[in-house]
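In: Compute the structure for the input listed below.
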Amino acid sequence: MKTVFITGANKGIGFETAKQFAQKDYYVYLGSRDIGKGIQAISELNNEGLQNVETIEIDVSNDASIEKASKTLEEKISKLDILINNAGIRGDFPQYPSTANVGMIRKVYNTNLFGTIKVIQSFLPLLKLSPAPRIVNITSGLASLTLHNDPGWKYYPIKGAAYGPSKTALNAYTIALAYELRDTPFKVNVVDPGYTATDFNQHRRTKDVSEAAAFIIKYATIGDDGPSGKYFSDDNNPLTFESPW
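Out: Residues are numbered from 1 along each chain as shown. Next up, the predicted model:
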């Protein structure tokens, strides 16, 4: 049975992604910063007849927590097939570049960028034991420099000093990692699941988490001939993985 670890998976898109993976007969490790919420999420999945799920406590903004989670996982499995870095925070809004609190910006970067890097580095030994390892970093259209310079883009006015730039940096890191691993079986990509109704945006959108999760899984399970170091979006934006991001 293939294995997958998903950060920030006790609710929202992460939870739905865990659910859909479990339905596809993957063994799913559901990462949760709050272990109580993780246990509650597992109970909900168990009640739906899904037993191939476990929760592991992980706070991606805390190096010690990440290392503990990776060691816990190493004691449970001989390899990890898929890592999905879904955990992220928005930070306080508005995020005017001229006045945004630098401490808040650091906090967002610590979770969205540095935390993700630490998770990848900590879980790489297990991923390298898989014959076809996959890493998906969840990004956002708000990370795109190309779109932010296009006045015709529907989200053109939505700019900020923390969230979008943290994801821009994550995109850049993903390209660098994919290049480093280019001669290995790894596939490393960034996926923008689109503007989905979750707690993250106070459920202000109509797109359902089931759609977002299915899109993530599509690129988390690409074949050996699939691309690496690319960007995929499900938000009807004009970019493709062949366009400047």
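
In: Sketch out the low-pLDDT regions of this protein for me.
Out: 196-206, 236-244 (pLDDT under 70).

In: for it, what spans make up the strands?
Out: Remark: strands assigned in the chain by DSSP state E are 3-6, 27-32, 53-57, 82-85, 134-138, 187-192, 231-233.

In: Work out the sheet partners of the last one and label each with its direction, please.
Out: Counting by DSSP bridges, the strands paired with strand 231-233 are strand 187-192 (parallel).

In: ok, residues contacting the strand it pairs with?
Out: Outside of strand 187-192, the residues within contact range by C-beta atoms under 8 Å, 6 or more residues apart in numbering are 132-141, 143, 170-171, 174, 177-178, 181, 215-216, 219-220, 222, 226-235, 237. C-beta coordinates here come from the backbone N, C-alpha and C atoms, glycine included.

In: buried set for that strand?
Out: Residues of strand 187-192 classed as buried: 187-192 (neighbour count, 16 or more other C-beta atoms under 10 Å).

In: and which of these is nearest to S166?
Out: Nearest to S166 among the buried residues of strand 187-192 is V190, at 12.6 Å by C-beta to C-beta.

In: On the strand side of things, show who the closest one bridges to.
Out: N137, Y231.

In: And the residue lying closest to F93 once chain neighbours are set aside, how far from D92?
Out: Nearest non-adjacent residue to F93, counting by C-beta to C-beta, 6 or more residues apart in numbering: G160, 6.9 Å away. Distance of G160 to D92, given as C-beta to C-beta, to the nearest Å: 10 Å.

In: can you check P165 too?
Out: Taken as C-beta to C-beta, the span from P165 to D92 is 15 Å.

In: cool, and F114?
Out: Applying C-beta to C-beta, one obtains 19 Å for the distance of F114 from D92.

In: Next, the buried residues of stretch 74-91.
Out: 77, 80-91.

In: sorry, that was for stretch 103-120
Out: Neighbour counts over stretch 103-120 (16+ other C-beta under 10 Å) mark 104-105, 107-120 as buried.

In: And stretch 23-41, end to end?
Out: 15 Å (C-alpha to C-alpha, to the nearest Å).

In: Let me know the closest of the buried residues of strand 187-192 to Y156.
Out: Nearest to Y156, judged by C-beta to C-beta, of the buried residues of strand 187-192 is D192 at 16.2 Å.

In: Not counting sequence-adjacent ones, nearest residue to the closest one?
Out: Take D192 and drop its neighbours on the chain: the residue closest to it by C-beta to C-beta, 6+ apart is S233, 4.1 Å away.

In: what residues are up against that neighbour?
Out: Counting by C-beta under 8 Å, 6+ apart, S233 makes contact with 141, 191-192, 194, 239.

In: gap between it and K71?
Out: 35 Å.

In: ditto for K107
Out: Computed with C-beta to C-beta, the distance linking K107 and K71 is 26 Å.

In: middle-most residue in the protein, spatially?
Out: The residue lying closest to the centre of the chain (C-alpha atoms, centre = their mean) is N86, at 2.5 Å.

In: mind checking how far that one is from G152?
Out: Taken as C-beta to C-beta, the span from N86 to G152 is 30 Å.

In: Verify the stated contact: A178 with G229.
Out: Yes. With contacts counted by C-beta atoms under 8 Å, A178 reaches G229, the gap being 3.0 Å.

In: Could you count how many residues lie near I216?
Out: Burial measure for I216: 26 neighbouring residues, criterion other C-beta atoms under 10 Å.

In: Appreciated, that's everything.
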